[in-house]
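Asker: Generate coordinates for the sequence data below:
(one chain, ligands or ions: 1)
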Amino acid sequence: MSIRTYREGDEDEIARLLRECFDSFNSFGLTGEKWLKLFELDPGFRRDLAFVAEKDGKIVSHIQIIEREITVGSAARLQVAGIGNVSTFQEHRREGYSTRVLTHALKVVKEKGFPASALFAGQLAPAHTMYQKLGFTDMYLPVMLFRGAKAPLRCNNQVMSTPARQKVEIRESDERDDQSLLGIYEKNCSIHNGLVIRDKKTWKSKFRDSFFYECPFYEEESKPNSILVAETEEGEIIGYAMSCLAKRDKLGHICEVLTLPRREKEAGRPLAEQVISNLAKMKSLANMVYSSENTLIDQLFRKGSSPALGVIGGFMLRTLDIKSVLESSFHITPQTLSDLRKTITIQVSGGETVRVRLDEGAVSVHRSGEKGGDKVTFSDYGSLGKLLLGAKSFAELVSEEKVKISTSGAEKSELIRLFETAFPKKPILTCSGDLW
Ligand SMILES: CC(C)(COP(=O)(O)OP(=O)(O)OC[C@H]1O[C@@H](n2cnc3c(N)ncnc32)[C@H](O)[C@@H]1OP(=O)(O)O)[C@@H](O)C(=O)NCCC(=O)NCCS
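Answerer: Model (predicted):
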């Protein structure tokens, strides 16, 4: 058996493998050509990170690494090697191919400097065990909700109760709105963790010129109603909703509904109602949405929806290098830190140890060596990941004994305050077009 990266000509066999392994790719009609197009449309897909295992010169297994940068901590970004399209031909399963390709891929991405790797996996899926064995831990569970296409919208009270400050008009957007839409997305990046960083180019190729309703599935031409905006009488765009009727299964995909902070009550409900009405007009068989706790989408759509059988999957994270993870994510505004001088040893029980030095606004991370300073010990990598993503607060982890602190009294309180500032608890969100 040999493992190598993609070579020109592999695409048809990779597409055949993916069609065999995933019903979704099969109904999408994945071909080698469509697979190659992904690399043009989504810069996160990299040919040099498409891995195959060969037996007797024939491809038997495949893994795609998708490069993403997600929001973590108070206002930081973490580059992750997203694992996708994990697949082995039926007749070669349980022979260790996926384990070997994944192990190899993780080694390569670590060498390339990726601090962490992340994936989505159904908790009941056979692959979940494999990911756990390879060091991935569950972070949170985005839930996929289905609702009947004609069911009226039943928002949670929080979104419904307060009367809107002013009336908004819902209209279809065009390219002239893109700057405002990206601005809204960026504002949401500071209040949610897990969101994938987008730039103008990606926005254009993935959401304006083509349309990704669920990565890696796309429609070639953008639908006229796929991005609606909520506009106030003064002409301010305060929210948008992306949706699409997938040709392959006639499912209405509600991909994202986002508003400016504190404008949810004005824009959320009218956008959601219009999206549902548009999808009904297009004769969607049912509508689906990925939802996670404490997000607007959850408030808008969870009530009256039936979750899909089980959860679609957990978001799993694996730290590849704790030093670069903390270098990326440990940020505090200089004001908070201006008079703080401190060295903290951060350790994962049975794993790596680093020293974080805070010096009047600057944070630096060093591989462990000298002793001294306060010591913070995480019981496992999963607990560290939950802190980075804001799924758990530092104080919660301490009270659950997932984190142990060497100091006590005022020093302990100061340390807790520091970590709570650097890693605040936040809702976690991944939009379906960015999934991998
Ligand atoms: C999941 C899949 C990629 C595994 O490929 P594989 O080459 O058979 O994987 P491995 O042989 O390396 O198996 C590794 C471990 O995964 C777990 N596993 C794999 N298939 C399993 C199954 N059918 N039932 C239970 N556990 C399973 C086992 O723990 C296994 O270790 P073991 O054989 O020592 O018990 C393959 O079954 C597949 O292509 N499935 C369809 C596509 C898919 O579901 N992909 C994952 C999406 S998240």
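Asker: Look up phi and psi at the one residue in the stretch 151-300 of the chain that gets nearest to the ligand.
Answerer: As assessed by C-beta to the nearest ligand atom, the ligand sits closest to Pro216 within the stretch 151-300 of the chain, at 12.8 Å. (Glycine included, C-beta is placed from N, CA and C.) When read as degrees, to the nearest 10, the backbone of Pro216 gives phi -100, psi 40.
Asker: Is the residue nearest to it when sequence neighbours are not counted within a helix or a strand, and which one?
Answerer: Take Pro216 and drop its neighbours on the chain: the residue closest to it by C-beta to C-beta, 6 or more residues apart in numbering is Leu38, 5.3 Å away. Using DSSP states H and E, Leu38 sits in helix 32-41.
Asker: next one: Thr99
Answerer: Using DSSP H and E, the element containing Thr99 is helix 97-111.
Asker: The residue of the stretch 251-400 of the chain found nearest the ligand and Val72: what is the separation?
Answerer: Closest residue of the stretch 251-400 of the chain to the ligand, C-beta to the nearest ligand atom: Gly313 (7.3 Å). Using C-beta to C-beta, to the nearest Å, Gly313 is found at 19 Å from Val72.
Asker: More neighbours: those two, which one.
Answerer: Val72 (28 against 22; other C-beta atoms under 10 Å).
Asker: OK, contacts around that one?
Answerer: Val72 is in contact with Leu78, Asn193, Gly194, Ser328, Ser329, Leu388, Leu389, Gly390, counting by C-beta atoms under 8 Å, 6 or more residues apart in numbering.
Asker: Can I get those in CSV including neighbour count and distance to the ligand?
Answerer: Putting the contacts of Val72 into CSV (neighbours: other C-beta atoms under 10 Å; distance: C-beta to the nearest ligand atom, whole Å) gives the following:
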residue, neighbour count, distance to the ligand
Leu78, 25, 21
Asn193, 28, 22
Gly194, 27, 18
Ser328, 20, 25
Ser329, 26, 25
Leu388, 26, 22
Leu389, 26, 19
Gly390, 21, 24
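Asker: Nearest to Tyr97 among those?
Answerer: Leu78 (29.1 Å; C-beta to C-beta).
Asker: The closest one bridge partners, please.
Answerer: Judged by DSSP bridges, the bridge partners of Leu78 are Ile70.
Asker: Please list all residues in contact with it.
Answerer: Per C-beta under 8 Å, 6+ apart, neighbours of Leu78: Glu69, Ile70, Thr71, Val72, Pro115, Ala116, Val325, Ser328, Ser329, Leu388.
Asker: The first one and Gly82 touch, don't they?
Answerer: To tie it back to what came earlier, the one meant is Glu69. No - look at Glu69 against Gly82 with C-beta atoms under 8 Å: they stay out of range, at 10.2 Å.
Asker: More neighbours: those two, which one.
Answerer: Neighbour totals were compared for Glu69 and Gly82, and Gly82 leads with 24 against 16 (other C-beta under 10 Å).
Asker: I'd like to know how far that one sits from Phe114.
Answerer: According to C-beta to C-beta, Gly82 and Phe114 sit 10 Å apart.
Asker: Please enumerate the shared neighbours of those two.
Answerer: Glu67.
Asker: And the helix holding Leu38, what does it pack against?
Answerer: Counting contacts by 3 or more C-beta pairs under 8 Å, 6 or more residues apart in numbering; DSSP states H and E, helix 32-41 packs against helix 11-21, strand 45-55.
Asker: how about the residues of the stretch 51-200 of the chain near the ligand?
Answerer: Contact residues (C-beta under 6 Å from any ligand atom) of the stretch 51-200 of the chain with the ligand: 61, 86-88, 93-99, 121, 125-127, 129-130.
Asker: redo that, cut-off 8 Å
Answerer: Residues of the stretch 51-200 of the chain lying close to the ligand by C-beta under 8 Å from any ligand atom are 61, 85-90, 92-102, 119-122, 125-131, 133.
Asker: Take the residues you listed and keep only those in helices.
Answerer: Mapping these onto helices (DSSP state H) picks out 97-102, 126-131, 133.
Asker: Mind picking the lowest-pLDDT entry from those?
Answerer: Ranked by pLDDT, these bottom out at Pro126 (87).
Asker: distance of that residue from Gln132?
Answerer: Counting by C-beta to C-beta, the gap from Pro126 to Gln132 is 11 Å.
Asker: In terms of neighbours, single out the busier of these two.
Answerer: Gln132 (14 against 11).
Asker: just to revisit the earlier point, and the ones in helices among the residues of the stretch 51-200 of the chain next to the ligand, which of them are buried?
Answerer: By neighbour count, with 16 or more other C-beta atoms under 10 Å, those hold Tyr97, Ser98, Val101, Leu102, Ala127, His128, Met130, Tyr131 as buried.
Asker: who touches Gly314 in this structure?
Answerer: Applying C-beta under 8 Å, 6+ apart, one finds that Gly314 lies in contact with Phe120, Ala121, Gly122, Gln123, His128, Asp138, Met139, Tyr140, Leu141.
Asker: swap in Ser24?
Answerer: If you count contacts by C-beta under 8 Å, 6+ apart, Ser24 has them with Phe217.
Asker: and it, what pLDDT?
Answerer: 89.
Asker: buried stuff in the helix or strand hosting it?
Answerer: Assigned by DSSP H and E, Ser24 belongs to helix 23-28. By neighbour count on 16+ other C-beta under 10 Å, the buried set for helix 23-28 is Ser24, Phe25, Phe28.
Asker: what about that helix and the ligand, touching?
Answerer: No - Helix 23-28 lies out of reach of the ligand by C-beta under 8 Å from any ligand atom, never closer than 9.7 Å.
Asker: picking that back up, so which of the contacts of Leu78 comes closest to Pro261?
Answerer: For the contacts of Leu78, the nearest to Pro261 is Thr71 (14.3 Å; C-beta to C-beta).
Asker: Correct me if wrong: that closest one contacts Gly194.
Answerer: Yes - counting by C-beta under 8 Å, Thr71 touches Gly194, with 6.6 Å between them.
Asker: which element is Ser277 on?
Answerer: Using DSSP H and E, Ser277 falls in helix 264-281.
Asker: show me where the stretch 151-300 of the chain has strands.
Answerer: 168-172, 211-214, 217-219, 227-232, 237-245, 251-259, 286-291 (DSSP state E, counting those that start in this stretch).
Asker: Show me which of the buried residues of helix 23-28 is closest to Leu285.
Answerer: Ser24 (15.4 Å).
Asker: Would you quantify the distance from the closest one to Thr407?
Answerer: 51 Å.
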